[in-house]
Structures are given as C-alpha cells and as structure tokens.
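K.L.:
sequence unknown, structure follows:
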C-alpha cells in the first residue's frame, strides 16, 4: 500500500509493507494503528487557502539499536509489554517495597487479553500469577505509567503440556478492560506463515547475563533468525523436545552473546513494519533457552505466533478464521 502526502510544495510517501487479509487480527491491527495517528492541519498564507493535513504518530519512534547484551528501551517504546506478577517472596524480591515478583512477560493484544507462554501460567511453588502489570518501564520508579490488572482467567492452548516445550502459548484475560494510551496499547499479531525478516526485537526484564541479576528496567535486544537445523544443534532431542525444533517454533539469537534469559519468558519477539510508525507485530513468544544464556553463541526457542492465530482469534475476539464466516 502506498500513501502519499503533500505539504505545501514538499511531497513524501509512506509505504506500508504488509499484506492485509480479511482476518480479524489484521482488521484489529488497522484499528489499533489508527489510534496512534495524529493529524495536524496547516493553512497556507495565500488567498482562498486550502487546508493541508499532515499525519504523525503519537508514540516513541526511535530506532532500536542493536535480556542479555541489550540496551534500555525508551519509555513508551513498547507499550504492549506486560508483566505477570506473583505475590512477593523474600527469596526473589529485590526490595522490601516490592509487592509482586514479576517472573514472566507478555504482550497486550486487545482490551482484555495478554499473550504469554504456557509455562508462565503456573509455578510449582507459587501457583498461578495474580496480576498483570502494563505501562511499566522502571521497576524501581513508582512514577511510571504502570497499572495493575487482576486476572479473570488463564486460557492455555489445548495442546500445551507442562512436560513439553511444544505449543507453549497461553492467553490471560483481565478482569477489566484496558484504556489505551501512549504508554499502554496493544501490539498486532503476525498472521502470515512466511516471515520476510532476518532479525527481530526481543524485550523483557530478565537476567542481564549468566548468573547475573534481573533487569529493573525494560531492555531490548535485536536478534537474528536461525533455521531449525541450525537451532537443532543447540537444542537436541530431549524429554521436553522429543521432536526437536518444529515448524510451530522460531529460533533466534546471536553469535556474540546477545540473548533472552531467565525472566524474559512469555515476552514478545517482534518486528516493526513502519519505520516512523508506532505498531509492532508480535512474531514469537519467548519460550525456551539455554541455562547459560548469553555465553558464546546464544540461541533461544520462541513459539511461532502465526501458527496459533486461529486459536487466538477465537479466544480473544470470539471470531472464526475469516471475518465473513
């Protein structure tokens, strides 16, 4: 899609590199994107002027540099980033003021649902998460735009099993609807089976390196995609991955130690299709990595979102696969 804008005598074109189908998820993406656009009217200083409008974006649009080996995200740069919280434990909590321990991440995908990993929905020692936090940036700063939401229901994919790394995906329903803002808004879902990107961005609050502490600020890192064959060398057949890396999974990482780590699970692996725009498309969910994350060639497994869009649409929007069904 090509959209052209003219401002007095300067013209420019914005190219939207996305194939839009009739899926509910694609239509919702357009709806969310429209809410990020601001329009400014300019009246030329001539007789009988015709107003000219220029569209902008109400978000942080800084380019991502290249949670291990990453850099701090800008406030509001990833407004879909969510945190899953359990009642604070003296063992995990970093501060006496911490009310919750945030052990996993997630992605806001609608007014009431957060997408996360299946294994993030239950802890053998703590039970189920009790809240979802949105709008967080710095866990040590109460002046962020964070809001906590109680959980109404957790919906795991019907094929997920706790003793397996496959179908590691779940949806968390919130008790009340989210009011979108510059700091809290949903991401789009990547719906195409093909993925014409060589890199993607992972975000989270996980460990900053092997045997290091968790990040207190949202961190971002650019990772390269690897083939299933390349990834299979790092993740050979095991009790949790009897079939190796499958088509419902993505493999991403780096050769220089940049990686996701403990605490990043459930968070998004995402791409940005418009350089100037606000919207990210979630292509993967952080699922499984090496215990020694960030050492040497660092690869991790991500649940491939496009393989589960039908299920997500049914749960989140009560929709059939195509909008006319």
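P.N.:
Sure, I can see it. Please read all numbers here as calculations on a predicted model, not as lab measurements.
K.L.:
mean confidence for whichever strand or helix holds residue 30?
P.N.:
For residue 30, the host element (DSSP states H and E) is helix 24-34. Taken as a whole, helix 24-34 has a mean pLDDT of 95.
K.L.:
number the chain from 55, please
P.N.:
Sure, I'll start counting at 55 from here, so that last one is helix 78-88.
K.L.:
which regions of the stretch 55-204 of the chain sit below the pLDDT cut-off?
P.N.:
Counting by pLDDT under 70, the stretch 55-204 of the chain contains low-confidence residues at 55-75, 92-124, 144-151.
K.L.:
for it, what spans make up the strands?
P.N.:
Counting by DSSP state E, counting those that start in this stretch, the stretch 55-204 of the chain has strands at residues 56-61, 64-69, 91-96, 106-111, 125-126, 135-141, 154-162, 167-170, 185-188, 201-210.
K.L.:
any chance of the backbone angles for the most centrally placed residue in the chain?
P.N.:
When CA atoms, centre = their mean is applied to the chain, the residue found nearest the centroid is residue 322 (2.9 Å). Main-chain dihedrals, residue 322, degrees, to the nearest 10: phi -90, psi 150.
K.L.:
my guess is it meets residue 241, correct?
P.N.:
Yes. Residue 322 is in contact with residue 241 according to CB atoms under 8 Å; the separation is 6.6 Å. Using the backbone N, CA and C atoms, a C-beta is placed for each residue, glycine as well.
K.L.:
give me the common contacts of the two.
P.N.:
Residues within reach of residue 322 and of residue 241 at once, by CB atoms under 8 Å, 6 or more residues apart in numbering, are 134, 161, 334, 336.
K.L.:
tell me which of these fall in helices.
P.N.:
Within the shared contacts of residue 322 and residue 241, no residue falls in helices by DSSP state H.
K.L.:
out of these, which end up buried?
P.N.:
In those, burial by neighbour count holds for 134, 161, 334, 336, counting by 16 or more other CB atoms under 10 Å.
K.L.:
check the residues you listed and tell me the two furthest apart.
P.N.:
161 and 334 (8.7 Å; CB to CB).
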